[in-house]
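**Student:** how would this look folded up:
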Amino acid sequence: MMRFKQLFSTAIVLIFAVLLAACSHHTLVESKKDSTGHTPDPATEYLVTQYADATGVQGTFYTITNDTTLIIIDGGWADNASAVREVIAAHGNHVNAWILSHPHQDHAGAFNQIYAAPDGITIDAVYDNGFDYDFIEAAGEPYDDITVMETYHTLTRDASNVTHLHRGDVLSICGLTFSVLNAYDDTVLQNVGDEKDYQNNASLLLKVSSANSSMLFCSDIKYDMNDSLLATCKDQLACDYVQTGHHGNWSFSEEFYDAAGASVYFIDAPSSITDNADFPASTLKSDLLAKGKTVLDFSTAPNTVTLK
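**Tutor:** Below you'll find the model as predicted:
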């Protein structure tokens, strides 16, 4: 009888352990869902992740990943470099491609830190917006610090792994198609207004496409380029997800975002901006939500969607 009780107790413990393991596995599976509730297949799909900046202010840092791929877009401020290094370390300290939308401090600061002192990190390829260093240096930007641009230029001007992108380029990177809809060129110079905001308006406008979905990265492009881009590539804007321009502020029109027709819109800023009536980002957020769109900002980061 004693032997039976011991066996019964052991069986109960084993059943409980199996149930606990099943619950833990269910929790693990749930934790891998993206922000839309989809569970990506890391062998065939790509997870796009938006990260908040360690500084607590606006910045831009995205990764596109699967089992064999790490693509970085921008990286945020210099003070965000440690956070970027942690993400890269989780992927074996290897970056397949690093894309710099433009060399402003809240986009390229962390890249400069890491490229100057990689500490075991390898980067196969770097892509930028093809900015004209001499022109920007001479023209200046009355409200912006150009030291990050100067540092980026010094670090990369003789590098063999850096490619300057141009409007109309189409690249295949790690199984994804990158279509360049905006970059530094005469079209930007012809459309930049009195603010002379060359760097922001020359940011990369990228459409990243997988087999069955796509995402539009609008970088820091502002309203100066709105009409020109609608006139030249409106029929190419349709996508599933959008990174809104210039952190949701002073950027594209309602017509532009309607042409994209996405279900999810990212704003690269904290809620102190996206919920603050003093910033256009708050109006953009409210308008998109009123249309039934999902809006993701730093208040819920890291935020994720899947390129299927």
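**Student:** all helices for the stretch 201-308 of the chain, in order.
**Tutor:** 226-233, 254-260, 271-274, 280-290 (DSSP state H, counting those that start in this stretch).
**Student:** where in this protein is pLDDT low?
**Tutor:** Scanning the chain with the threshold set as pLDDT under 70 gives 1-31, 141-144.
**Student:** please redo it, this time with the cut-off set to 50
**Tutor:** 1-31 (pLDDT under 50).
**Student:** let me see the domain layout of it.
**Tutor:** Domains of the chain are assigned by automatic domain parsing as 1-31, 41-307.
**Student:** first-to-last residue distance for the longest one?
**Tutor:** Put plainly, it is domain 41-307. End-to-end distance of domain 41-307 (Cα to Cα, to the nearest Å): 10 Å.
**Student:** returning to what we had before: mind putting the helices of the stretch 201-308 of the chain into JSON lines with distance to residue 304 and mean neighbour count?
**Tutor:** Yep, even glycine has a C-beta here, placed from its N, CA and C like the rest. What follows is those, written out as JSON lines (distance: least, Cβ to Cβ, whole Å; neighbours: other Cβ atoms under 10 Å):
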{"stretch": "helix 226-233", "distance to residue 304": "27", "mean neighbour count": "16"}
{"stretch": "helix 254-260", "distance to residue 304": "19", "mean neighbour count": "17"}
{"stretch": "helix 271-274", "distance to residue 304": "18", "mean neighbour count": "19"}
{"stretch": "helix 280-290", "distance to residue 304": "18", "mean neighbour count": "17"}
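**Student:** let's have these in CSV, adding distance to residue 97.
**Tutor:** Below are the helices of the stretch 201-308 of the chain laid out as CSV (distance: least, Cβ to Cβ, whole Å):
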stretch, distance to residue 97
helix 226-233, 23
helix 254-260, 23
helix 271-274, 29
helix 280-290, 28
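**Student:** coming back round to it: which of the domains of the chain is buried the deepest?
**Tutor:** Comparing these by mean neighbour count (mean count of other Cβ atoms under 10 Å), domain 41-307 ranks first with a mean of 19.
**Student:** mind listing what the residue lying closest to residue 228 once chain neighbours are set aside touches?
**Tutor:** Closest residue to residue 228 apart from its sequence neighbours, by Cβ to Cβ, 6 or more residues apart in numbering: residue 191 at 5.0 Å. Counting by Cβ atoms under 8 Å, 6 or more residues apart in numbering, residue 191 makes contact with 201, 224-225, 227-228.
**Student:** which two among the residues you listed are spaced furthest apart?
**Tutor:** Within the contacts of residue 191, 201 and 227 form the most distant pair, 12.2 Å apart (Cβ to Cβ).
**Student:** just the strands in the stretch 51-200 of the chain please.
**Tutor:** Remark: strands assigned in the stretch 51-200 of the chain by DSSP state E, counting those that start in this stretch are 61-66, 69-74, 94-99, 122-128, 162-164, 170-173, 176-182.
**Student:** got the ones you listed as JSON lines, with distance to residue 266 columns?
**Tutor:** What follows is the strands of the stretch 51-200 of the chain, written out as JSON lines (distance: least, Cβ to Cβ, whole Å):
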{"stretch": "strand 61-66", "distance to residue 266": "8"}
{"stretch": "strand 69-74", "distance to residue 266": "11"}
{"stretch": "strand 94-99", "distance to residue 266": "16"}
{"stretch": "strand 122-128", "distance to residue 266": "20"}
{"stretch": "strand 162-164", "distance to residue 266": "25"}
{"stretch": "strand 170-173", "distance to residue 266": "20"}
{"stretch": "strand 176-182", "distance to residue 266": "17"}
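**Student:** alright, that wraps it up for me.
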